[in-house]
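Chemist: The sequence isn't on hand, but the structure is:
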């Protein structure tokens, strides 16, 4: 169990089960949105297998989607400062495989 502080300064306890702590591997994310939510499907594509499986779906409010964007940007920047991602490799957006488009 982990304790974090939320925006109002209160502590919140976050519980992580052993099964959830193992994580789920995904090598593609498909993002779709409606007027009230963002849907992110995490997919595992296996070479040679024509069907890909959605391994997890996360539904966020637009506000929380933007918070996720900022948190990812901040963490990627820290990772790059430690020499994690070489510059230039991910400077352009890589489109989803096979022209997959998400819909909500």
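Modeler: All right, it came through fine. Note that the structure is a prediction, hence the values are computed from the model and not measured. Residues are numbered from 1 along each chain as shown.
Chemist: As a check, name the ranges of all helices in the chain.
Modeler: Listed in chain order, the helices of the chain (DSSP state H) span 18-21, 62-81.
Chemist: what about the longest one, average pLDDT?
Modeler: Taken as a whole, helix 62-81 has an average pLDDT of 94.
Chemist: still on that earlier bit, same list (the helices of the chain) but as a markdown table, adding distance to residue 47.
Modeler: C-beta coordinates here come from the backbone N, C-alpha and C atoms, glycine included. As requested, the helices of the chain are exported to a markdown table (distance: least, Cβ to Cβ, whole Å):
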| stretch | distance to residue 47 |
| --- | --- |
| helix 18-21 | 27 |
| helix 62-81 | 26 |
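Chemist: Of those, give the one that comes closest to residue 12.
Modeler: Set against residue 12 and scored by Cβ to Cβ, these come closest in helix 62-81, at 14.9 Å.
Chemist: Who are the packing partners of that closest one?
Modeler: If you count contacts as 3 or more Cβ pairs under 8 Å, 6 or more residues apart in numbering; DSSP states H and E, helix 62-81 packs onto no helix or strand.
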